[in-house]
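Student: Structure of the sequence below:
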Amino acid sequence: MKKTNEVYNFSFHHLIRGIILIGFMLLLFKLLLTGNITLLIAPKMIRFLYFTLFVLLILGVLLIIRGTSDHKHSYHCDCDGNHSYPTSTGKSLFLYLLFVIPISTGFLFANNVLDSSVAMNRTIKLGSNSQDTNQIKTVKNNNKPEKLDSTNDKNKTNSTSNTNDYLDNQPEPLTVKEYDNLKNDMLKSKIINITDQLYVPMMSIIQDNLPSMIGKTVSTKGFVYREKNFMQNQIIVARFGISCCVADASVYGIMASGNIAALPKDKWVQVTGLIGQTQYDGGTIPMIKIKQISKIAAPKQPYVFDVGVKID
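Tutor: This next block holds a predicted model:
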């Protein structure tokens, strides 16, 4: 009789563990189906998620079949380790709630976008020089590079579609030639529209060539963030940039000044103004002297990506 009870307990654990794996699989599938998965991981990681879904489904189904089967199995692995299942209802409940609660909350609650409460604990990269030669991503490129023109009217038309494209694809790293063309276009243009697709390299170019950028008109969007030592007329128009997932998110942005004391934190805004410079935290950084500011809805893809520069 004792042996029968042990088999029953083992079958119960297999059944619960199989259901938990299927639960995780369904949660990931829901995030993929809604497009909200890009609020948690970079699009380039989604290809690995498909494999994860397949593995979770297979393992979950096998455990459920094993848990509902009347066939008696041997559960000894013939190793020196001491493997055991929870021996009491309390231990079992505690163990499985550690997995059931995250799955349940994932289905019941809306996804949260990173905001100022997270940014205050991260280093703010104001005009971050992420394209410097020590940080260039070296990637082999066998494809013909696409011509970039980021400061003309074409980009103004495509800026909205670029944001929507992030739901499916992550921008490819720029080639050295593309990066140089982008820099030359920005240096020649009097009006610079910072797009989502090229956000980080464009911000870096402004920082690296700040004396040549002063006086140009620039337009950018982001959420309102304030450091504790800011004056009331100062904000950072900020964006979160991710490489793999939100755990490694960095905060990028550009300082702006104007009649903005009433703007609440985390409000998304579109800012247009003249590029100037100011001293902050011991360094010279770009600053927008606001000429026009408008409140906007948060984009479907609120994050940007540091695409880097690849060497052919």
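Student: tell me the SS of Ile192?
Tutor: strand (DSSP: H, G, I helix; E, B strand; the rest coil).
Student: quick one: contacts for it?
Tutor: Ile192 makes contacts with Thr151, Met186, Met202, Ile206, Met213, Lys216, Thr217, Val218, Ser219, Ile275, as judged by CB atoms under 8 Å, 6 or more residues apart in numbering. (Each C-beta comes from the backbone N, C-alpha and C, glycine too.)
Student: can I assume the last one sits in a strand?
Tutor: Yes. The assignment for Ile275, made by three-state DSSP, places it in a strand.
Student: partner residues bridging it?
Tutor: Under DSSP bridges, the beta-bridge partners of Ile275 are Ile288.
Student: Any figure for the gap between it and Thr284?
Tutor: Relative to Thr284, Ile275 is positioned 12 Å away (CB to CB, to the nearest Å).
Student: mind showing which ranges of this protein have poor pLDDT?
Tutor: 1-10, 71-83, 127-170, 312 (pLDDT under 70).
Student: So which residues of it form strands?
Tutor: 124-126, 174-175, 191-193, 217-225, 234-241, 250-257, 268-280, 283-295, 309-310 (DSSP state E).
Student: now the ones you listed as CSV including distance to Lys91?
Tutor: Formatted as CSV, the strands of the chain follow (distance: least, CB to CB, whole Å):
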stretch, distance to Lys91
strand 124-126, 45
strand 174-175, 54
strand 191-193, 59
strand 217-225, 44
strand 234-241, 40
strand 250-257, 41
strand 268-280, 47
strand 283-295, 52
strand 309-310, 52
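Student: Tell me which of those lies nearest to Leu49.
Tutor: Ranking the strands of the chain by distance to Leu49, with CB to CB as the measure, places strand 234-241 first at 20.3 Å.
Student: Return the list of helices and strands in contact with that closest one.
Tutor: helix 116-119, strand 124-126, helix 199-208, strand 217-225, strand 250-257 (3 or more CB pairs under 8 Å, 6 or more residues apart in numbering; DSSP states H and E).
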